[in-house]
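**Q** mind looking at a prediction? Sequence and model below.
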Protein chains: 2
Amino acid sequence: MNDQNRNSARSGGRAARRAARASALPDHLRPIRPGMSGGALNVLSQQDMERIHNAALDALERIGLADAPQSGIDYLTAAGCTLGEDRRIRFPRALVEDTLARANRSVTLYSRDGKTDLDLSGTRVHYGTAGAAVHMVDVEGREYRDSTVQDLHDAARICEQLDNIHFVQRPMVCRDIPDNRDMDLNTVYACCAGTFKHVGTSFTDPSYVKPAIEMLHLIAGGEDKWRERPFVSNSNCFVVPPMKFATESCLVMEECIKYGMPVLLLSAGMAGATAPSTIAGAIVQAVAECLAGLVYVNAVKPGAPAVFGTWPFGLDLRTGAMTGGSGEQALLTAGCAQMHRFYDLPGGAAAGIADSKLPDMQAGWEQMCSNVMAGLSGLNMVYEAAGMHASLLGFCHESLILSDDLIGQALRCVRGIEVNDETLALDQIAQVCLGGSGHYLGTDATLSRMQLDHVYPTYGDRTSPKEWAEIGKPDLVTKAKARKEQILAERSPARFDPVTDAAIRAQFNIYLRA
Amino acid sequence: MNDQNRNSARSGGRAARRAARASALPDHLRPIRPGMSGGALNVLSQQDMERIHNAALDALERIGLADAPQSGIDYLTAAGCTLGEDRRIRFPRALVEDTLARANRSVTLYSRDGKTDLDLSGTRVHYGTAGAAVHMVDVEGREYRDSTVQDLHDAARICEQLDNIHFVQRPMVCRDIPDNRDMDLNTVYACCAGTFKHVGTSFTDPSYVKPAIEMLHLIAGGEDKWRERPFVSNSNCFVVPPMKFATESCLVMEECIKYGMPVLLLSAGMAGATAPSTIAGAIVQAVAECLAGLVYVNAVKPGAPAVFGTWPFGLDLRTGAMTGGSGEQALLTAGCAQMHRFYDLPGGAAAGIADSKLPDMQAGWEQMCSNVMAGLSGLNMVYEAAGMHASLLGFCHESLILSDDLIGQALRCVRGIEVNDETLALDQIAQVCLGGSGHYLGTDATLSRMQLDHVYPTYGDRTSPKEWAEIGKPDLVTKAKARKEQILAERSPARFDPVTDAAIRAQFNIYLRA
């Protein structure tokens, strides 16, 4: 902040131009927006996608999935699946194809205030947080410590202020809350009290869903209001790859569907451990598992809103440890995004993961690689896009803040190149070259594009070496830290009104101070 | 280095696996290689490209280019161009189309030792350095100082050791050499004495070409050897955008063609200053200018090897300063790469530029964004891909070294996803799930992929937070610095034999110590 002030004092005209730009643009004139359409990147050919689809159908028919709960067996066999003597549920090809034809394609994930609803149709791209980090990254001390409910709430508050973070799936677990039920309920509270944006959570036990829904009814102002615009979705790790249902999680899913909560069908195989080591094979298995999940959801309730969550992760095969910052990970996610388009289903996958422990150069290249490729592939929900370090083990507030620049740049790439008579600029070239000024600087055509076309970084530095020295060689992470402190010094605008808050606190063991 | 040793001492089995992997793979088994084919990213549609092509032809026909030297006027009018009363050379559409049909499509940029020749056909992708930075970045002192011939030579020596840097176009100018002729000749010497890889240089005066060629004849062992495998190309800023020939540089180009040196037809417009501010318009102008250059080259010598160098740069329109780290820049370059494919011409453009002053998180995301998009677009020559900071004003050895990881990851993405019966892994899934071990770790199918499919970072850290703490929380830039010192402690293997070196030193004022 201090550096910025000094800079403004120094350069009058430029500061004025910057200030002019800083005045908020109307949404439709902003150069980047949530939900812009991607799709310029196609890492798979049409034939590749058909082969993956057919392999997935074969896997469902031949191999099927083990470990469904009794209720799931009942739903699925009633829908047309078979239960083998090996207790595996197998999916006839026709049933899967029929489900694909009838599945819900117009899923909207709602925000609490209606300002940032997410339309998951087509190739519309949204970026947000997700994960289950167990550590908070302290950038100053270069330390990893246990993450707390306050850290989670603070992350939600920061996300609320960042234009390019479009949803807030809980990125870390509250390790200061020993009881699992309390933890799940406080997770919902801490996220919703921090942001109006769509929230994602994940319940560890089916019995926790009902009380959480009661809390959400209180927050929404009634069950009808909640059911009309459910602003929290549940991330359901409904499978334990390879090809096994996660029994408890399936029951959680059934509960969520019952109470009108959209579900993310999350298949998180590890390529080389719980999924094949090849990129194509890992995608086949993830697609097969999510198709099984889709049949399950539609067997419970036809048309229930679900996100097709193929989230295969990479492994470092030398060590067997998870790695999320690799080129292989970017390809896994881009390939999955294309399969979502192949099915025309609302889809999500993981990108933006850094293996690096701190917001350093490695983190920058790792986060950009998969984030920009996911966006260019037209992925509807880019989960884990911001703040994730140490291959998902650590979450970092400063890195989250810097991701607003990083994702803004990725979104500019998603927006792409407009080609029309005006942008081709032939008349302008003629005018400038044939007797004109000989340059385009300051022309109306250039000035009108200054805000419309260009994304300017908030934290990224574009000064010359000389200017940079003059303003004291600002450090990127220090700038992010200052912004964090500024955001957290204000009371969260998303906090509940006192009456509602008191009602929640009377019913639940809320850890955050009122 | 120290950290690595400590790590090895700690974990026996893992260290052994790492060591096994570290033993060099035969080239055809390496997961990434120079010249892999890109093309999965298409930021322009076919119709977009046709419109850009037509606008460029219109611009050449209606507007033409000013300021050709007399020799250029003679060559071009003899080929079919017209010289207007306004002294602008205009290009009939049929002439451009005829040139496009006949131009050299099989350009190879040679290495000195034959080991790293660059085949610029199709969508083969190569990454390397380029630029004319005037500063060297001192990462420890966070200082920018004047770049020297020793810095340049050291950059070439570092590039020689980095697998993912495929060519060495001189990235900075030798500011310790006051005389321009000496500077140009020492640039050739310093680069060639540092690397066997293909070298790019840029002559500031036509009269410097002949002596440089004499030096190259000495290095090659004779004119015939030089002409057979010219291992240095010339970067020709043959235009001063918008739509003016750079008179002197055109004469340099004619000299290079005469002596068998391949040329890079470099059009470096600034979108919003010397080119239209729209991405499409900047591409139109760059394409028009390079088409003019292509006609020029082929008028001088039909089939002379030329690289189609559309290098439009971005501007920060708030300040009018150059910016190369933006999403707009990544799109400019990706769009240009597609136009090269449209023409099926060997092409190059700029990517990997950081606006950041230091190798920090911003530099990481900026360098990855444009580098991975350039590769995915199938750009033959990705210039400025490594080490460039402060919007091209500064070059950084440590950043160059880290780029080997960054570009390696981009190359993994360029390689893409193999889809075939083996990689789809259906049989493997069945085997693992139906009575098998239930996981893929350690299976033959997984182990065989460990080296074949996966790119492992050299400097990037993938340890867990616990391991990371145990090995002393290694810093990325410190690791790069250690590697730099290790490389520079060895004598350059690319140095010339003593007899040749003495002959060169007898004829030229060489600044580097023998």
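**A** Cool, got the structure. None of these values were measured; they are calculated from a predicted model. Numbers count the residues shown, from 1 in each chain, chains lettered A, B, ... in the order given.
**Q** every contact and neighbour count from this point should use C-alpha atoms.
**A** OK.
**Q** I'd say A:L512 and A:C191 touch.
**A** No: in terms of Cα atoms under 8 Å, A:L512 does not count as a neighbour of A:C191; the distance is 11.0 Å.
**Q** between the two, which one's more packed in?
**A** A:C191 (31 against 13; other Cα atoms under 10 Å in any protein chain shown).
**Q** contacts only, for that one.
**A** A:L152, A:H153, A:A156, A:V168, A:R170, A:V199 (Cα atoms under 8 Å, 6 or more residues apart in numbering or on different chains).
**Q** host element of it?
**A** helix A:180-192 (DSSP states H and E).
**Q** next SSE after that helix?
**A** Following helix A:180-192 in sequence, per DSSP H and E, is strand A:198-201.
**Q** packing partners of that following strand?
**A** On a contact count with 3 or more Cα pairs under 8 Å, 6 or more residues apart in numbering or on different chains; DSSP states H and E, strand A:198-201 meets strand A:167-169, helix A:180-192, strand A:232-236.
**Q** mind running it again at 6 Å?
**A** Contacts defined by 3 or more Cα pairs under 6 Å, 6 or more residues apart in numbering or on different chains; DSSP states H and E place strand A:198-201 against strand A:167-169, strand A:232-236.
**Q** other SSEs contacting the longest one?
**A** Other helices and strands packing on strand A:232-236, by 3+ Cα pairs under 6 Å, 6+ apart, are strand A:198-201, strand A:263-267.
**Q** out of the ones you listed, flag the one nearest A:H135.
**A** strand A:198-201 (17.5 Å; Cα to Cα).
**Q** pull out the buried positions in that closest one.
**A** A:H198, A:V199, A:G200, A:T201 (16 or more other Cα atoms under 10 Å in any protein chain shown).
**Q** and the next helix or strand after that strand, how far from the chain's centre?
**A** Where DSSP H and E defines the elements, the next helix or strand beyond strand A:198-201 is helix A:209-220. Distance of helix A:209-220 from its chain centroid, counting by Cα atoms, centre = their mean, to the nearest Å, is 23 Å.
**Q** return helix A:209-220 as CSV; C-alpha atoms alone will do.
**A** What follows is helix A:209-220 as a C-alpha-only set of coordinates in CSV (Å, rounded to 0.1, in the frame of the first residue of the first chain):
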residue,chain,number,x,y,z
VAL,A,209,-26.5,-33.4,6.6
LYS,A,210,-29.9,-32.9,8.3
PRO,A,211,-28.6,-30.5,11.0
ALA,A,212,-26.6,-28.6,8.4
ILE,A,213,-29.7,-28.2,6.3
GLU,A,214,-31.5,-26.8,9.4
MET,A,215,-28.7,-24.3,9.7
LEU,A,216,-29.0,-23.4,6.0
HIS,A,217,-32.8,-23.0,6.4
LEU,A,218,-32.1,-20.5,9.2
ILE,A,219,-29.5,-18.6,7.0
ALA,A,220,-31.8,-18.7,3.9
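**Q** where does A:G314 land in three-state SS?
**A** Under DSSP: H, G, I helix; E, B strand; the rest coil, A:G314 falls in the strand class.
**Q** tell me who's in contact with it.
**A** A:M270, A:A271, A:T323, A:G324, A:Q329 (Cα atoms under 6 Å, 6 or more residues apart in numbering or on different chains).
**Q** excluding chain neighbours, what is closest to the last one?
**A** Here the nearest residue to A:Q329 in space, its sequence neighbours aside, is A:G314; by Cα to Cα, 6 or more residues apart in numbering or on different chains that works out to 5.4 Å.
**Q** that neighbour pairs with what?
**A** A:T323 (DSSP bridges).
**Q** gap between it and A:A425?
**A** 45 Å (Cα to Cα, to the nearest Å).
**Q** now do A:L345
**A** Distance from A:L345 to A:A425, by Cα to Cα: 38 Å.
**Q** so which bits of the stretch 251-400 of chain A are right by chain B?
**A** Within the stretch 251-400 of chain A, the positions adjacent to chain B are A:272-274, A:277-278, A:280-281, A:317, A:327, A:355-356, A:359-361, A:364-365, A:368 by Cα under 6 Å from any Cα of the partner chain.
**Q** what's in contact with stretch A:122-139?
**A** A:34-38, A:144-147, A:165-173, A:378-386, A:392-396.
**Q** try it again with 7 Å
**A** Contacts of stretch A:122-139 with the rest of the structure, by Cα atoms under 7 Å, 6 or more residues apart in numbering or on different chains, involve A:34-39, A:143-147, A:164-173, A:344, A:358, A:375, A:378-386, A:392-396.
**Q** can you list which of the residues you listed are found in helices?
**A** Among those, the residues falling in helices (DSSP state H) are A:G375.
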